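# Compute the structure for the input listed below.
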Amino acid sequence: MIALSNRLHTFARPEIKERMIEFFTSILGCELLVISDAKSMPTTIVVFVFPNGASLSVEFTADALDAEQARHGAWFELKTDDAAALKKKVLELGLPRVSYSGNGYFYFQAPGGQVLRIASTSERCEVECHSFSVLRLLRVIVVTPSSCYPHPPPAR
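From the prediction side, this is the model:
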């Protein structure tokens with residue numbers, strides 16, 4: 001089995017470091033676990049630990065993508081028990097909302113440019129968990145992620 005880890009690493013520009021720390025700790029409730037400002041390191045690295053144990057490390061470097069470029073990078077999903085309250089906080093902060101024509105989800109750009117989606121922990125998978133269709137030998141095989149089921153997916 002191959003799975004995506006709950007540890008992520010990204011890069012951001014040094015001038016947004018304090019705003020990013022404030023956002024991830026005050027708004028998202030992350031713990032600031034490590035700040036590496038060691039002289040032997042060419043850049044500063046901070047690690048945000050989410051309440052569920054997932055972590056995001058951010059390396060601050062002048063050659064990181066700017067906010068506009070970051071929109072074309074990986075997008076992350078935040079799960080919360082109160083999506084409406086988190087959306088309200090994000091909007092009150094004036095963080096840029098990001099539109100995506102593929103769906104009606106709420107996306108925004110965090111300090112540093114990372115695009116995040118706010119999703120409710122109670123949200124069920126839609127359209128068979130955004131099923132991915134794969135055309136192989138002129139037949140379509142629908143692959144449904146196992147995270148959508150409380151049990152293994154049906155045998156094919």
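
# all contacts plus neighbour counts: C-alpha atoms, from now on.
OK.

# distance of residue 30 from residue 51?
Plainly put, residue 30 is 6 Å away from residue 51 if you go by C-alpha to C-alpha, to the nearest Å.

# What is the least confident helix or strand in the protein?
strand 132-136 (a mean of 31; mean pLDDT, DSSP states H and E).

# Please enumerate the helices of this structure.
With DSSP state H as the criterion, the chain has helices at 17-22, 67-70, 83-93, 127-130.

# And those helices: which comes nearest residue 102?
Shortest distance between residue 102 and the helices of the chain, using C-alpha to C-alpha, is found for helix 127-130: 11.0 Å.

# average model confidence for that closest one?
What helix 127-130 shows for mean pLDDT is 40.

# circling back to that earlier point, for residue 30 and residue 51, indicate the residue with more neighbours.
residue 30 (22 against 11; other C-alpha atoms under 10 Å).

# I'd say the more buried one and residue 49 touch.
Yes - applying C-alpha atoms under 8 Å, one finds residue 30 in contact with residue 49, separated by 5.2 Å.

# follow-up on the earlier one: need the helices of the chain in TSV (columns: distance to residue 9 and mean neighbour count).
Formatted as TSV, those follow (distance: least, C-alpha to C-alpha, whole Å; neighbours: other C-alpha atoms under 10 Å):
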stretch	distance to residue 9	mean neighbour count
helix 17-22	14	16
helix 67-70	13	14
helix 83-93	22	14
helix 127-130	25	12
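
# Nearest to residue 121, out of the ones you listed?
Here helix 83-93 is closest among the helices of the chain (C-alpha to C-alpha), at 8.3 Å.

# Not counting residues beside it along the chain, what's closest to residue 107?
Of all residues not flanking residue 107 in the chain, residue 117 sits nearest, at 4.3 Å (C-alpha to C-alpha, 6 or more residues apart in numbering).
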